[in-house]
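**Student:** I'd like to go over a predicted model; first the sequence, then the structure.
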Amino acid sequence: MSSSSPIPSPVLNVENLTVSYRGAGRIHRAVDDISLRIGQGEALGLVGESGSGKSSVALAVLRYLPRHARVEASQLAFENREIRDLSADQLRRLRGDRIAAVYQHPGSALNPSMTIGGQITETLLRHRPMHHDEARARAAQLLGRVRVANPERVLRLYPHELSGGMQQRANIAIAIALDPALLVMDEPTTALDASVQSEIIAILDDLRREHRTSILLISHDINLIRRSCDRVSVMQSGSIVETGVAAEVFDNPRHGYTRALVAAIPTLHRTKRDGRLAEDASPVDLAADAPVTAAGDSASPARQREIAVSCRGIRQSFGGQPVLHGIDLDIAAGETFGLIGESGSGKSTLARIVTGLQPPTAGSVDLFGRTVAPLVERRQPGERRDVQMVFQSPDRTLNPRQRIGRILGRPLRRLAGLPRRAVPQRISDLLASVRLARTTARQKPGTLSGGQRQRTAVARAFAGLPRLVVLDEPTSALDVSVQATVLNLLNDLQRRQDTAYLFISHDLRVVRYMADRIGVLYRGRLVETGSSDQIFAGPNHPYTQMLLEASSHDGPAATVAEASPAIEAGASGCAFAGRCPLADDACRTAEPVAREVALGHFIACWKRA
């Protein structure tokens, strides 16, 4: 007769948690009677749309809720200790020591006036009795643990000298400095590139395997949760509607809300030719499964159509540091050209040059066969109307003091030349085209959701009937169903008006769905261009291959070698040689030129041509 082994106590045990907020004379219940448990070394994903209550759960666990919040629970225990019973001093010792947190925006979580080394050593010295030199050595070890090359150099740098991915690694190093039992991560990879996301996932796997760290990972990114968590809880309107093994929940969702979330996600195998994305929106004018007409056969170059924008020899430097190296690029009318690459590769710089927001150091931009002035202020009124831009964050581009009607009315008068009496009806038509109610015109941006604000930004971009729209990460901060709505909307508008898109994103699934052709930018160089089908079928440049592997959830997280600054900055050969598994001495000697490996498919690589 054998006795069953006892079930180990969970690291975190939350039972019947309710979180309410008082304000404007009423009480809003953000979290409604939820329960969850996390075992030692286990990763639990909490997924749901904005406003579902995910972050309120994290703040309740960390005891960071504001004073007007009310928390009720049968139990809110960490390592069998009731968190609500801890004093302020006990909480300070607990946070950072046994419980740590990593947040969405890495830059805002770091002190800009302190070096990375100073911030890590401060955490160590505050909680552990050790000498400063010992703390400094430990800080270097921690950076190595989160896969930072040359940790001693990074310790001396300030946050602004690091990329977003490196900043997030530094945040994770600070969070794990004291080997916490629980790591709470709230949207830690939303703004990061696919390769950096993959690295973060690999780091989390290391922490769980080697240090038995438990993780509460909060995200609206279902693919991130699927790749990095054992179990998942799906939240809707403050309640958990489905819980289970992550792969099983997403492969065979049972709740209707979970099914809707999964159906809204683009995949690496789905394009707009396969039909619209599922969305929770008002009725649309196309059938839900209707394919979107593309600019032409995506397997062929778009040279048969009128060229909307042509970039020739575009170069850009800042402070003597080259950012773009002789970019040549054509986009046809009615075509979506996807531009992918890591942070710092020059994607947004190229977008600003095309729109005239900044002049290039060298090179020219032609719009519909005519060379235009480098700066938008010097372009003709028609040229300014022809090119519009939609940015990543509508919060930074919509005037919070103005009503939506006025925000949309200005470009209608100044760009489209509408008489004042015709503006109200056109505003209503614009709002309807982006599936917003007419009453939205009387609201200010702050009263709208993130998705509604981004749709307003799209409406403003299309107010002057542009022929080319530059979209710089337009959906990266949106929930999957809202993202689906915006992507479907963009395709609808393009189909009606034959608009060309330069679509910039770090999400390869979104680019795969939207783009007719794709360009891969690495350190300011176009290393590969081709149709969407060609890029995703291969053969590929080694850097493109790395991005594709990092975006796939079918296998383990890809390990991406950190670039060697000496090789990246000063070599005369291939810019990717310092990270490329195929590189040899020849690759470090001469820079490769782009060669056509198939009709319309170009790769700049000595090994792939």
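**Tutor:** Cool, the structure landed. Owing to the predicted nature of the structure, the values given are computational and were not obtained by experimental measurement.

**Student:** residues contacting the nearest residue to Leu478 once chain neighbours are set aside?
**Tutor:** In this structure, Leu478 finds its nearest non-sequential neighbour in Gly451, 5.7 Å apart by Cβ to Cβ, 6 or more residues apart in numbering. Using the backbone N, CA and C atoms, a C-beta is placed for each residue, glycine as well. Contact partners of Gly451, counting by Cβ atoms under 8 Å, 6 or more residues apart in numbering, are 478-479, 482, 485-486.

**Student:** how far away from the center of its chain is stretch 313-324?
**Tutor:** 25 Å (Cα atoms, centre = their mean, to the nearest Å).

**Student:** go on, stretch 72-80?
**Tutor:** Centroid displacement of stretch 72-80 relative to its chain, using Cα atoms, centre = their mean, is 33 Å.

**Student:** Asn111 contacts Gln119, doesn't it?
**Tutor:** Yes - using Cβ atoms under 8 Å, Asn111 makes contact with Gln119 at a distance of 5.8 Å.

**Student:** between these two, which one's more packed in?
**Tutor:** More neighbours surround Gln119 than the other of Asn111 and Gln119, with 22 against 12 (other Cβ atoms under 10 Å).

**Student:** what packs against the helix or strand hosting the more buried one?
**Tutor:** Element membership for Gln119 (DSSP states H and E) is helix 116-127. Secondary-structure packing of helix 116-127 (3 or more Cβ pairs under 8 Å, 6 or more residues apart in numbering; DSSP states H and E): helix 132-145, helix 151-155, helix 164-175.

**Student:** go again using 10 Å as the cut-off
**Tutor:** helix 88-94, helix 132-145, helix 151-155, helix 164-175 (3 or more Cβ pairs under 10 Å, 6 or more residues apart in numbering; DSSP states H and E).

**Student:** the very next helix or strand once past the last one pairs with which strands?
**Tutor:** Which is helix 164-175. As assigned by DSSP H and E, the chain's next helix or strand after helix 164-175 is strand 182-186. If you go by DSSP bridges, strand 182-186 pairs up with strand 99-102 (parallel), strand 214-219 (parallel).

**Student:** just put those in a markdown table and tack on mean neighbour count, mean pLDDT and distance to Ala137.
**Tutor:** Formatted as a markdown table, the strands paired with strand 182-186 follow (neighbours: other Cβ atoms under 10 Å; pLDDT from 0 to 100; distance: least, Cβ to Cβ, whole Å):
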| stretch | mean neighbour count | mean pLDDT | distance to Ala137 |
| --- | --- | --- | --- |
| strand 99-102 | 24 | 90 | 21 |
| strand 214-219 | 24 | 93 | 27 |
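
**Student:** right, and these - which one's nearest Gly538?
**Tutor:** Nearest of the strands paired with strand 182-186 to Gly538, taken as Cβ to Cβ: strand 214-219 at 29.5 Å.

**Student:** closest to Ile518 out of the strands paired with strand 182-186?
**Tutor:** So among the strands paired with strand 182-186, strand 214-219 is nearest, using Cβ to Cβ, at 25.7 Å.

**Student:** in this structure, what spans have low per-residue confidence?
**Tutor:** For the chain, the stretches flagged by pLDDT under 70 are 1-8, 24, 191, 280-304, 553-571, 609.

**Student:** just to revisit the earlier point, so which of the helices and strands packed on helix 116-127 gets nearest Asn252?
**Tutor:** Each of the helices and strands packed on helix 116-127 was scored for nearness to Asn252 using Cβ to Cβ, and the closest is helix 164-175 (32.2 Å).

**Student:** rewinding a little: can you say which of the strands paired with strand 182-186 is nearest to Ala170?
**Tutor:** If you check each of these against Ala170 by Cβ to Cβ, strand 99-102 wins as the nearest, at 10.4 Å.

**Student:** CA atoms only: put that closest one into CSV for me.
**Tutor:** Only the C-alpha atoms of strand 99-102 are listed here, as CSV (Å, rounded to 0.1, in the frame of the first residue of the first chain):
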residue,chain,number,x,y,z
ILE,A,99,8.2,39.0,-6.2
ALA,A,100,9.4,41.1,-9.1
ALA,A,101,7.7,42.8,-12.1
VAL,A,102,8.5,43.6,-15.7
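
**Student:** just checking, Ile27 is part of a helix?
**Tutor:** No - counting by DSSP: H, G, I helix; E, B strand; the rest coil, Ile27 falls outside a helix, being strand.

**Student:** sorry, back to before: among the contacts of Gly451, find me the one that's closest to Leu182.
**Tutor:** Scanning the contacts of Gly451 for proximity to Leu182, where the rule is Cβ to Cβ, the winner is Asp479, at 25.6 Å.

**Student:** the closest one against Ser52, yeah?
**Tutor:** Yes - between Asp479 and Ser52 there is a contact under Cβ atoms under 10 Å: 8.8 Å.

**Student:** identify the contacts common to the two.
**Tutor:** Common contacts of Asp479 and Ser52, defined by Cβ atoms under 10 Å, 6 or more residues apart in numbering, comprise His220.

**Student:** count of neighbours near Phe391?
**Tutor:** Using other Cβ under 10 Å, Phe391 is surrounded by 19 other residues.

**Student:** check the gap between it and Asn399 for me.
**Tutor:** Distance, Phe391 to Asn399, using Cβ to Cβ, to the nearest Å: 14 Å.
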